[in-house]
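> Would you be able to build a 3D model of this:
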Amino acid sequence: MHYFVSAGEPSGDLHAANLICSLRVVDPEARFTGFGGDRMTEAGATLIYPLVNLAVMWFLGVFANLVTFFRLLFMADRHFRDQRPDAVILIDYPGLHWWIARRAKARGVPVFYFVPPQIWAWGGWRVKKVRDFFDLVLCSLPFEPEWYHARGVKQAVHVGHPYFDELADRPLDAGFLSQEHAKPGAMIAILPGSRTQELIRNFPVMLRAAGALHTRGLKVRFAVACLHERHRALAFGLLDQARARGEIPAGLSLELHAGRTPELIRLARVAWAVSGSVGLELMAESLPSVVLYKVKRFDLWVARRFIRSKYISLVNLLADAEVFPEYLTWQDASGALATWAERWLTDPAARERTTTALVELKRQVAAPGASDRAARHIHSWLVEHQTNVSILKGPRSRDRSTVVQGSTGSAAG
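Sure, this is the predicted structure:
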């Protein structure tokens, strides 16, 4: 079978690559095309456009890329018409993916959502789009199928979060771990996000928190986990700016690393992290962490009108409690980050309470195998519905109607 797979962010690219590998097990003759990144290419997919490089967030990022989104939508529609894939698999990244799903359905191609966006937390009215455009929703969180079923989406199943597959298979650099273990002082890992905009907004706050904690006399050192060398270079620039403003005191030990996130999480005693799927890794390592998501004041004002969830962290959502202190804010939360780190480093009882909660939550939810389960569900659905799909695809593939006009949206759409 021919699968079109689309992922718009680094984490989605990794999830897509693992799903591709799992689909090859149940469908050895499968071929893959789509939008994504390097991980999908390494897994054997033919990349039509490097969508991961376009990852955007919030409203201004959407409008700045509207022309590109329209171009991608037409590109996908032509591909569905001319190449006639047997399935379209979309991974998170709402907005553009809503419109891609619409065009796939118009062409008679079944559409599957793997790691669906958290519309139950914000924009719940968009469940109508899921009902209209998706044949099967492969949910990553255990409470999601019930939420979808109650709103008329009957084809929703829980497969687990693919992040746990990746954690189970991820190798760590033993030499790097040994080298860092030998250095004095407790490590605090700074995880400023996988998107450039996240790094620009959150990293300066984390730097101020590092400066504040250093002045309290604790023997700590800081390690920054950058996604790649481009982010590392950007982080160096932000660090120089913080030093010029006097926010980094003399003697503060801070290192910037690219591609070392798993090792730094394993080494750290505390973490400061931007909200995202990395929270699941922090939970798996039982690492006390503070979650930060700094946004512009106007963006937060708008977002508050749509958010329906008590928490922004996946870990807190799974626990239904604030295991990780979290700050979705336009203000400077550096003092809170420093205070939580000091508490976990100096108060064994406080640290024990947090780690115990994380260990218990991991026991409940961190089961690997999501990619394999998702692949089996997709393949089984396609085999079961193969006759109907073939009938639909014939006439639909000759449909040359124009793309429905309107805003395409993005990861924040």
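> Please make it C-alpha for all contacts and neighbour counts, starting now.
Fine.
> which residues touch the nearest residue to residue 30 once chain neighbours are set aside?
Spatially, and ignoring its direct neighbours in sequence, residue 30 is nearest to residue 1 (4.8 Å; C-alpha to C-alpha, 6 or more residues apart in numbering). With contact set as C-alpha atoms under 8 Å, 6 or more residues apart in numbering, residue 1 has these partners: 27, 29-31, 85-86.
> Pull up the gap between residue 1 and residue 138, please.
According to C-alpha to C-alpha, to the nearest Å, residue 1 stands 19 Å off from residue 138.
> Sketch out the low-pLDDT regions of the stretch 201-350 of the chain for me.
306, 308 (pLDDT under 70).
> Kindly recompute the last result at 90.
Scanning the stretch 201-350 of the chain for pLDDT under 90 picks out the ranges 217-219, 246-253, 275-277, 295-312, 314, 317-318, 320.
> Where do the helices of it begin and end?
Secondary structure of the stretch 201-350 of the chain (DSSP state H, counting those that start in this stretch): helices located at 229-244, 261-267, 278-284, 297-303, 314-319, 334-346, 348-365.
> could those go into TSV alongside mean neighbour count?
Converted to TSV, the helices of the stretch 201-350 of the chain look like this (neighbours: other C-alpha atoms under 10 Å):
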stretch	mean neighbour count
helix 229-244	16
helix 261-267	21
helix 278-284	22
helix 297-303	13
helix 314-319	20
helix 334-346	18
helix 348-365	15
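> how many other residues sit next to residue 217?
8 (other C-alpha atoms under 10 Å).
> What about it? Give its phi and psi, please.
phi 90, psi 10 (degrees, to the nearest 10).
> mind listing what residue 301 touches?
By C-alpha under 8 Å, 6+ apart, residue 301 lies in contact with nothing.
> rerun that using 10 Å as the cut-off
Residue 301 makes contacts with 295, 329-330, as judged by C-alpha atoms under 10 Å, 6 or more residues apart in numbering.
> need the contact list for residue 257.
Contacts of residue 257 by C-alpha under 10 Å, 6+ apart are 223-229, 231-232, 235, 264.
> Recalculate using a threshold of 6 Å.
Shown in contact with residue 257 (C-alpha atoms under 6 Å, 6 or more residues apart in numbering): 224-226.
> can I get those residues in a markdown table with neighbour count?
Formatted as a markdown table, those follow (neighbours: other C-alpha under 10 Å):
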| residue | neighbour count |
| --- | --- |
| 224 | 25 |
| 225 | 27 |
| 226 | 25 |
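> chain center to the helix or strand hosting residue 377: distance?
Under the criterion of DSSP states H and E, residue 377 resides in helix 370-384. Distance of helix 370-384 from the chain centroid (C-alpha atoms, centre = their mean, to the nearest Å) equals 22 Å.
> Now it - C-alpha only, PDB.
Included here for helix 370-384 are C-alpha records, laid out as PDB according to Å, rounded to 0.1, in the frame of the first residue of the first chain:
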ATOM      1  CA  ALA A 370       2.200   2.700  20.600                       C
ATOM      2  CA  SER A 371       3.600   2.800  17.100                       C
ATOM      3  CA  ASP A 372       3.100  -1.000  16.600                       C
ATOM      4  CA  ARG A 373      -0.500  -0.800  17.900                       C
ATOM      5  CA  ALA A 374      -1.200   2.200  15.600                       C
ATOM      6  CA  ALA A 375       0.200   0.400  12.600                       C
ATOM      7  CA  ARG A 376      -1.900  -2.700  13.300                       C
ATOM      8  CA  HIS A 377      -5.100  -0.500  13.600                       C
ATOM      9  CA  ILE A 378      -4.400   1.400  10.400                       C
ATOM     10  CA  HIS A 379      -3.600  -1.700   8.400                       C
ATOM     11  CA  SER A 380      -6.500  -3.700   9.700                       C
ATOM     12  CA  TRP A 381      -8.900  -0.800   9.000                       C
ATOM     13  CA  LEU A 382      -7.600  -0.600   5.400                       C
ATOM     14  CA  VAL A 383      -7.900  -4.300   4.800                       C
ATOM     15  CA  GLU A 384     -11.400  -4.300   6.200                       C
END
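> Name all residues that make contact with residue 51.
Residue 51 neighbours (C-alpha under 6 Å, 6+ apart): 8, 35-36.
> nearest to residue 252, of those?
Set against residue 252, the nearest of these by C-alpha to C-alpha is residue 8 (36.5 Å).
> Can I take it that residue 32 is in a helix?
No - using DSSP: H, G, I helix; E, B strand; the rest coil, the assignment for residue 32 is strand, not a helix.
> State the phi and psi torsions of residue 37.
phi -150, psi -160.
> quick one, what contacts it?
For residue 37, the contacting residues are 13, 50, 52, by C-alpha under 6 Å, 6+ apart.
> and if you look at residue 5?
Going by C-alpha under 6 Å, 6+ apart, residue 5 touches 34, 88-90.
> From those, which land in strands?
Mapping these onto strands (DSSP state E) picks out 34, 88-90.
> By neighbours, which of those wins?
residue 90 leads those on contacts (other C-alpha under 10 Å) with 28 neighbours.
> can you give me the strands for this protein?
Using DSSP E, the strands of the chain run over 2-7, 31-35, 46-49, 87-91, 111-114, 136-139, 156-158, 186-191, 220-226, 254-258, 270-274, 289-294, 326-329.
> among the ones you listed, which is nearest residue 202?
Across the strands of the chain, closest to residue 202 is strand 289-294 (C-alpha to C-alpha), at 5.7 Å.
> Can you name every helix or strand that that closest one contacts?
strand 270-274, strand 326-329 (3 or more C-alpha pairs under 6 Å, 6 or more residues apart in numbering; DSSP states H and E).
> and residue 82, how far is that from residue 243?
55 Å.
> How about residue 288?
Using C-alpha to C-alpha, we find residue 288 at a distance of 27 Å from residue 243.
> what does residue 74 give?
The gap separating residue 74 from residue 243 is 47 Å, by C-alpha to C-alpha.
> go on, residue 226?
Noted for residue 226: a distance of 19 Å to residue 243, by C-alpha to C-alpha.
> How about residue 301?
Distance of residue 301 to residue 243, computed by C-alpha to C-alpha: 31 Å.
> got it, and residue 376?
53 Å.
> for residue 29, same thing?
56 Å.
> Likewise for residue 298?
28 Å.
> Export the strands of the chain as JSON lines, with columns for distance to residue 199.
What follows is these, written out as JSON lines (distance: least, C-alpha to C-alpha, whole Å):
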{"stretch": "strand 2-7", "distance to residue 199": "21"}
{"stretch": "strand 31-35", "distance to residue 199": "24"}
{"stretch": "strand 46-49", "distance to residue 199": "24"}
{"stretch": "strand 87-91", "distance to residue 199": "23"}
{"stretch": "strand 111-114", "distance to residue 199": "26"}
{"stretch": "strand 136-139", "distance to residue 199": "28"}
{"stretch": "strand 156-158", "distance to residue 199": "32"}
{"stretch": "strand 186-191", "distance to residue 199": "9"}
{"stretch": "strand 220-226", "distance to residue 199": "9"}
{"stretch": "strand 254-258", "distance to residue 199": "13"}
{"stretch": "strand 270-274", "distance to residue 199": "9"}
{"stretch": "strand 289-294", "distance to residue 199": "10"}
{"stretch": "strand 326-329", "distance to residue 199": "15"}
